[in-house]
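Novice: generate coordinates for the sequence data below:
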Amino acid sequence: MRDVIYITSLELHKSLDNIERIRQRSYLVDGLIQAYELDKHNHMRFIQPQLATDNELALAHDRDYLEFLNFISNIDPDHDQSYREQMDFYKIGYECPPFEELPAFC
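Specialist: Below you'll find the model as predicted:
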């Protein structure tokens, strides 16, 4: 059986709570994991995220994508629809709306 890896940290929870549309969701997921005692399962591993450097991100992501993340994190998409096509292309929207710290969480 393969391990299930769950990435979580207090800093990640706090950052995600700044996103109004998904506020408290990460705490809910943690609560479900504990309620079903999945955290006691031998094949469940918990990892704290570490911020990647720009060079490390470039190893895993296309440069255009990274540039767009840096750009869109400073735009309010609810007031500026001109980037909707690119947001759809990069899957940035309801579940992952742009926010100031977005590039740091890639």
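Novice: which residues of the chain score low on pLDDT?
Specialist: Scanning the chain for pLDDT under 70 picks out 77-80, 105-106.
Novice: if you drop the residues flanking it in sequence, what lies closest to Cys96?
Specialist: Closest residue to Cys96 apart from its sequence neighbours, by C-beta to C-beta, 6 or more residues apart in numbering: Leu102 at 7.9 Å. Every residue, glycine included, has its C-beta placed from N, CA and C.
Novice: what sits against that neighbour?
Specialist: 69, 72-73, 92, 96 (C-beta atoms under 8 Å, 6 or more residues apart in numbering).
Novice: next: Pro103.
Specialist: Contact analysis of Pro103 by C-beta under 8 Å, 6+ apart lists 57, 66, 69-70, 73.
Novice: could you tell me which of those residues count as buried?
Specialist: Using 16 or more other C-beta atoms under 10 Å as the burial test, these include 57, 66, 69 as buried.
Novice: with adjacent residues omitted, what lies nearest to the last one?
Specialist: This points to Leu69. Leaving aside its sequence neighbours, Leu69 sits nearest to Pro103 (C-beta to C-beta, 6+ apart; 4.6 Å).
Novice: now the helices for this protein?
Specialist: 10-17, 25-35, 54-60, 63-72, 84-89 (DSSP state H).
Novice: what's the angle from the second one to helix 10-17?
Specialist: Yep, that's helix 25-35 we're talking about. Angle between the axes of helix 25-35 and helix 10-17 is 130 degrees (criterion: axes from the mean of the first three to the mean of the last three C-alpha atoms, to 10 degrees).
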